[in-house]
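Chemist: Mind looking at a prediction? Sequence and model below.
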Amino acid sequence: MDFKQEIAACVAAQTGVSAEECAGYIEIPPQKDMGDFAFPCFKLARILRKAPPQIAQELKASVALPDFVASCEAVGGYLNFFLDSAKRAEAVLREIDAQGERYGATEQGAGKTVCMDYSSINIAKRCHIGHLTTTVLGNSLAKIHRFLGYNVVSINHLGDWGTQFGKMLCAFKHWGDRADVEEMGVNALIELYVRFEKEADDAMQEEARAWFKKIEDDDPEAIELFSWFKDITLKDVAHIYDLLGITFDSYAGESFYKDKCAPVIEELKEKELLEFSEGAYVVKLDQFDMPPCLILKADGATIYATRDLAAAFYRKQTYDFDKCLYIVAYQQNLHFKQVFKVIELMGYPWAKDLVHVPFGMVSYEGETLSTRKGHVVYLDEVLDRACEKALSIINEKNPDLADKETVARQVGIGAVVFYDLFAGRIKDVDFWWDRALNFDGETGPYVQYAHTRCCLVLAKAPALDADKADFTRLADEAARDLVALLEAFPALVQEAAEKYEPSVITRYAAGLAQAYNRFYFDNRILGEEEDVMQARLLVTKCTRDVLKTALGLLGIEAPEKM
Ligand code: ARG
């Protein structure tokens with residue numbers, strides 16, 4: 001039941017202003033004594049040519065209140081509505097009960113495709129903690145969009161192009177050993193590259209260029225080695241994706257576009273957008289207050305932006321997206337502004353559907369990332385450590401728990417993901433173990449724990465029967481707050497999707513867990529009279545479902561016991 005819409009409809013009937021417009025004005029008052037919903041009359045003052053307080057008074061006298069509204073008051077220019085808590089609870093809880101974990105889901109995205117470019121790791125490099133946000137933020141946005149009916153195409157736009165791969169191939173041919181690389185994985189590739197940078201003489205530099213040319217020209221040997229380097233990297237990173245429960249629909253990375261850049265460059269020439277300037281071919285963007293977008297080096301080599309142009313065209317043709325999101329750190333703000341602008345200048349109206357979703361940086365226990373100072377914190381190590389730490393907490397708190405390793409993974413990973421997605425995405429995140437893994441406060445484990453509490457109550461209770469529930473017994477403050485929060489969930493999912501901001505859901509989940517805990521300590525459930533118990537059990541079941549859904553949308557699992 002959408003209370004707001006219903007209230008809007010009854011106000012609309014008295015004013016001649018559309019219900020839709022009225023719904024847009026309705027607010028949730030900042031204080032409970034101002035009602036559950038408030039209709040501000042200020043916007044109507046002009047249309048009706050009356051003072052807002054007068055409109056409020058007249059409306060109070062004339063509106064036919066829907067049956068779930070207990071009373072309404074005119075205060076200044078506001079009309080405040082107080083809901084009947086029993087009727088509100090019944091409507092909200094029955095709806096959630098019927099929809100279960102699909103409560104809040106919609107079909108608004110049916111028939112629409114959203115491409116999402118996230119994680120997008122670099123080949124022959126090890127993922128450090130800086131790759132955490134793009135990966136978990138992208139995953140969460142993918143889940144939120146699927147929940148709203150969109151067809152999501154998740155793309156890992158691999159960083160697998162550049163002259164460094166020629167160097168790596170050359171180094172491998174000189175010093176490498178297959179078995180060694182197979183065993184050591186990416187670290188072996190990094191070592192080869194570092195050694196090349198230290199030891200390569202002019203002859204080797206020349207050779208490296210030749211190897212890169214061979215990759216460009218599809219030479220079988222070069223391609224075989226290059227693909228193998230990629231496999232090695234993806235095998236390493238698979239551990240991270242497994243822990244996080246993440247999969248991709250496509251791994252088409254930069255090298256995939258090597259033969260798809262030429263048509264774009266042709267078109268740029270035809271449309272007279274390409275200019276030779278300071279030793280490179282560029283698209284000038286002065287009029288838009290941006291430096292030129294580099295397209296080709298003097299030797300004809302493409303660059304990062306060229307491949308992003310080709311990728312945008314390829315995605316549009318292949319997936320016919322309604323939107324294409326790039327979940328990439330804010331350091332690349334300018335890059336994406338330039339790329340999107342170039343596509344707009346080429347005359348494609350869908351340039352407006354390309355969206356850069358930037359986010360802040362992650363530092364680790366107070367230290368920003370710096371390879372130079374040797375403070376590199378690898379992502380796989382952070383995740384493994386999270387699982388270990390969670391396991392030791394479980395061993396301490398609940399040593400007899402079944403399947404401890406699985407639960408430890410769910411809790412450890414949940415802690416890291418929740419922490420990363422808690423603040424607004426543009427904020428820099430400073431990662432601290434004791435904060436992330438704290439079982440109290442606004443953390444993943446705290447929310448997961450509230451979920452297990454609901455599961456436990458339900459497991460111990462007799463069968464739930466909503467028809468036996470006495471909804472008038474949900475009138476205490478804790479119950480009312482909890483119902484109001486449950487009611488708010490679908491709108492918050494919408495907000496998270498519109499703003500590309502899973503933190504809306506993260507903060508909500510923490511609030512919901514807290515509200516349930518309060519309800520649980522204020523109210524006895526088991527052993528109460530049947531009608532009271534059933535009402536409280538129903539609240540418990542609905543809370544469990546919404547907590548699970550919310551965590552799921554963040555990419556976090558909800559164990560039943562922990
Ligand atoms: N591999 C790049 C990096 O680590 C991110 C790629 C983002 N996606 C894109 N289409 N440019 O910085």
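Modeler: Nice, thanks for sending it over. Numbering: from 1, shown residues only.
Chemist: Show me what from the stretch 101-250 of the chain comes close to the ligand.
Modeler: Within the stretch 101-250 of the chain, the positions near the ligand by C-beta under 6 Å from any ligand atom are 117, 120, 122, 157, 159. In this view, the C-beta of every residue, glycine as well, is placed from N, C-alpha and C.
Chemist: Would you confirm that the second one contacts residue 127?
Modeler: If I follow you right, that is residue 120. No. Assessed by C-beta atoms under 8 Å, residue 120 is found out of contact with residue 127, at 10.8 Å.
Chemist: Pick out whichever of those two has more residues nearby.
Modeler: For residue 120 versus residue 127, neighbours defined as other C-beta atoms under 10 Å are more numerous around residue 127 (24 against 21).
Chemist: Next step: the residues of the stretch 101-250 of the chain next to the ligand restricted to helices.
Modeler: Among these, DSSP state H puts none in helices.
Chemist: Tell me how far the residue lying farthest from the centre of the chain lies from the ligand.
Modeler: The C-alpha centroid of the chain is most remote from residue 203, which lies 47.9 Å away (C-alpha atoms, centre = their mean). Residue 203 sits 31 Å away from the ligand, going by C-beta to the nearest ligand atom, to the nearest Å.
Chemist: for residue 101, same thing?
Modeler: 32 Å.
Chemist: one step back: tell me the two of the residues of the stretch 101-250 of the chain next to the ligand that are most distant?
Modeler: The two members of these with the most space between them (C-beta to C-beta) are 117 and 122, at 13.9 Å.
Chemist: just to revisit the earlier point, between the residues of the stretch 101-250 of the chain next to the ligand, which is closest to residue 489?
Modeler: Nearest to residue 489, judged by C-beta to C-beta, of these is residue 117 at 28.4 Å.
Chemist: picking up where we left off before, who has more neighbours out of residue 117 and residue 122?
Modeler: More neighbours surround residue 117 than the other of residue 117 and residue 122, with 25 against 17 (other C-beta under 10 Å).
Chemist: Tell me what the more buried one is bridged to.
Modeler: residue 155, residue 326 (DSSP bridges).
Chemist: show me the contacts for residue 11.
Modeler: With contact taken as C-beta atoms under 8 Å, 6 or more residues apart in numbering, residue 11 is in contact with 17, 19, 22, 39, 59, 63, 79.
Chemist: what ranges of the protein fall below the confidence cut-off?
Modeler: For the chain, the stretches flagged by pLDDT under 70 are 1, 369-374.
Chemist: Alongside the ligand, which residues does it contribute?
Modeler: Counting by C-beta under 6 Å from any ligand atom, the chain sits next to the ligand at 117, 120, 122, 157, 159, 308, 311, 326, 328.
Chemist: Among those, which are located in strands?
Modeler: Using DSSP state E, the members of the residues of the chain next to the ligand that fall in strands are 117, 326.
Chemist: Ramachandran coordinates for the closest residue to residue 119 other than its chain neighbours?
Modeler: Nearest residue to residue 119 in three dimensions, chain neighbours excluded: residue 135, at 4.3 Å (C-beta to C-beta, 6 or more residues apart in numbering). When read as degrees, to the nearest 10, the backbone of residue 135 gives phi -70, psi -50.
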